[in-house]
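In: Let me see the structure of the following:
(chains A, B, C and D)
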There are 2 protein chains.
Amino acid sequence: MAKAQFQPVQPVRAYERIVEQIEEALARGELSPGQRLPSERELVAQFAVSRSTVREALRVLASNGVVRSRPGDPNGPEILPYSLGALRKQMTRLARVDELSLGELIGFRMIMDGAAIQLASRLRTDEQLAEMEETLVAMRAAIDVDFEAFSEADVAFHEAVARVSRNSLIQMCNEVVRGVVLGLIADKIAHAANSRALMLESLQHHTEVVEAIRAGDGHAAARIARQNLYDYYATYVPTPERPHLRALIDDA
Amino acid sequence: MAKAQFQPVQPVRAYERIVEQIEEALARGELSPGQRLPSERELVAQFAVSRSTVREALRVLASNGVVRSRPGDPNGPEILPYSLGALRKQMTRLARVDELSLGELIGFRMIMDGAAIQLASRLRTDEQLAEMEETLVAMRAAIDVDFEAFSEADVAFHEAVARVSRNSLIQMCNEVVRGVVLGLIADKIAHAANSRALMLESLQHHTEVVEAIRAGDGHAAARIARQNLYDYYATYVPTPERPHLRALIDDA
DNA sequence: TACGCCGTACTGGTCGGACCAGTGGACCAG
DNA sequence: CTGGTCCACTGGTCCGACCAGTACGGCGTA
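Out: Sure, this is the predicted structure:
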């Protein structure tokens, strides 16, 4: 098998070298969160480039959540602690890609949420179980306010579950996709005549999940959670995709 | 319950508004991949800001993989198709500093891969099954070449599965995490004395999965797949995290 | 006519200098 | 110790300039 693969070549820009240098220094531990970078004008001297170039490098780092610049701060740009923020941003971008159907997004949620709950069933302590039950109470109260409040309480519940499941990736993906789906169908849900009924039903489902978690039956808990998500969203999913979602419940 | 929470306020920079506008136009579909943005100097006129500001906005978009600028190109900056590159970069960054543990990443893969295979068991046609078996043959051949070739064949297999599962979001997430994990432990695997044995074992596991898919038993197929991933990676995962991974197998 | 060279009019990358609002700290008056 | 003033400096933005690179159209040549 012949091998003479060439790669397209593109010029390396000066600001990229600066970004590289700073990221490497960070990877090597020479720079760590909380510390400050020299001021832009000093970086100009150190890197021997113009301020525009330094600034473009800092912009890139800032948009990646690595540093933060504040005008007037004599201490210079701050190196931020590592956070999932930038990853969340990219994940959100992914979930918003056009080619993704509502069915895929919901299928993804059914998987993520089911897995988180399955893990929670195994790992939860009694205190954590109590926390989850508290969020259910809050959720009940929020129903009498409005859909937005209910939605917030729902987030709180899922966050509690995710904390127990000890997997921040699952948590983040779940949260992101949840938000994107909500954005896609929020108007339909909020304006639905049976909005209140929907919320009550959703609460009922969440209660069942918590009971299954208490019982420690991960398989059942995950199954209930997926079933609930399916029931909640199915009316918005195109018919041909529904069997795929059902497969996630039936075959598990 | 008293509520007078204040939020820290930070100034909105001009370049951020520009990034917003362009990203929104993209989200609304007014801009799509392959199209071109006006030249920097024209954007200066449209946004009524200086070129530095426009350039900083473009830098941010470029670093997020949204656009690409080439010097001299009279068509202006190009809007890129969505790519997983930026997502992978962010995830790698976090994984390198242990913000994302190997256990979390592998747990995520076990879930995603299991789900994809579960779906595939239900949805596959005979032709697709044949395709999967072909990738197994290719995988066997690749073992005699080197680890990299084997790795490529492995990707081909998972892509075949993902195609069948009809959920590209699962596929993309799986692929990203797979790449990140591989990057973290590739050296250890490749230099392992039993590298060839590992590959053979992995092939055996893949074969079992395909057989389960042929049988149409989604539950078993997913379980086997997760078990295989666990076996394959477990030696690299810190001991305290392993029970969480086991829970994904045992409780399913 | 067909082909290839080349100039031109642009592009983005970088530079240097300028102004402004905002920040933190030193200093001072109460 | 408090509150205010001041100052040196910060980052945000703007402007004008130069350079190397690209696409394209018109040119001359065969």
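In: Okay, strands next: where are they in chain A?
Out: Under the criterion DSSP state E, chain A carries strands at the ranges A:67-68, A:78-79.
In: CSV for these, including mean pLDDT and mean neighbour count?
Out: C-beta coordinates here come from the backbone N, C-alpha and C atoms, glycine included. Formatted as CSV, the strands of chain A follow (pLDDT from 0 to 100; neighbours: other CB atoms under 10 Å in any protein chain shown):
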stretch, mean pLDDT, mean neighbour count
strand A:67-68, 97, 18
strand A:78-79, 96, 18
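In: quick one: which of the ones you listed is nearest DNA strand D?
Out: Proximity to DNA strand D (CB to the nearest atom of the strand) singles out strand A:67-68 among those, at 8.4 Å.
In: The residue nearest to residue A:98 when sequence neighbours are not counted: neighbour count?
Out: Among residues not flanking residue A:98 along the chain, residue B:29 sits closest, at 7.3 Å (CB to CB, 6 or more residues apart in numbering or on different chains). When neighbours are defined as other CB atoms under 10 Å in any protein chain shown, residue B:29 has 8 of them.
In: Next, the contact list for the residue in the stretch 101-250 of chain A positioned nearest to chain B, please.
Out: Across the stretch 101-250 of chain A, no residue is closer to chain B than residue A:218, which sits at 3.2 Å (CB to the nearest CB). Listed by CB atoms under 8 Å, 6 or more residues apart in numbering or on different chains, the contact set of residue A:218 reads A:117, A:118, A:119, A:121, A:122, B:247, B:251, B:252.
In: Please repeat the previous calculation with a cut-off of 6 Å.
Out: A:118, A:121, A:122, B:251 (CB atoms under 6 Å, 6 or more residues apart in numbering or on different chains).
In: Could you do residue A:76 as well?
Out: Counted by CB under 6 Å, 6+ apart, residue A:76 has contacts A:36, A:37, A:38, A:39.
In: Can I get those residues in TSV including distance to chain B and pLDDT?
Out: Below are those laid out as TSV (distance: CB to the nearest CB, whole Å; pLDDT from 0 to 100):
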residue	distance to chain B	pLDDT
A:36	18	96
A:37	17	97
A:38	19	97
A:39	17	96
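In: do you know how far the residue positioned nearest the centre of chain A is from DNA strand C?
Out: In chain A, the centroid-proximal residue (CA atoms, centre = their mean) is residue A:172; its distance is 2.9 Å. As judged by CB to the nearest atom of the strand, to the nearest Å, residue A:172 and DNA strand C stand 31 Å apart.
In: so who does that residue touch?
Out: A:84, A:88 are the contacts of residue A:172 under CB under 6 Å, 6+ apart.
In: before we move on, the earlier item: please identify which of the strands of chain A is closest to residue A:148.
Out: For those, the distance to residue A:148 is smallest for strand A:67-68, at 29.9 Å, taking CB to CB.
In: quick one: contacts of the closest one?
Out: So strand A:67-68 is in contact with A:61, A:77, A:78, A:79, A:80, going by CB under 6 Å, 6+ apart.
In: Could you identify the most distant pair in those?
Out: Between all members of the contacts of strand A:67-68, the farthest pair (by CB to CB) comes out as A:61 and A:78, at 11.0 Å.
In: Residues of the stretch 1-150 of chain A that sit close to DNA strand D?
Out: A:11, A:37, A:39-42, A:51-52, A:55, A:58, A:69-74, A:76-77 (CB under 7 Å from any atom of the strand).
In: Now that we have the residues you listed, which of them are buried?
Out: By neighbour count, with 16 or more other CB atoms under 10 Å in any protein chain shown, these hold A:37, A:39, A:55, A:58, A:69, A:76, A:77 as buried.
In: Find the closest residue to DNA strand C in the stretch 1-150 of chain A.
Out: Closest point on the stretch 1-150 of chain A to DNA strand C, by CB to the nearest atom of the strand, is residue A:72, at 2.3 Å.
In: Next step: the residues of the stretch 1-150 of chain A next to DNA strand D restricted to helices.
Out: Residues of these located in helices (DSSP state H): A:40, A:41, A:42, A:51, A:52, A:55, A:58.
In: Out of those, which are close to DNA strand C?
Out: A:51, A:52.
In: Show me which residues of the stretch 1-150 of chain A sit near chain B.
Out: A:52, A:56, A:59-60, A:63, A:82, A:86-87, A:90, A:94, A:97, A:100, A:104, A:107-108, A:111, A:115, A:118-119, A:122 (CB under 6 Å from any CB of the partner chain).
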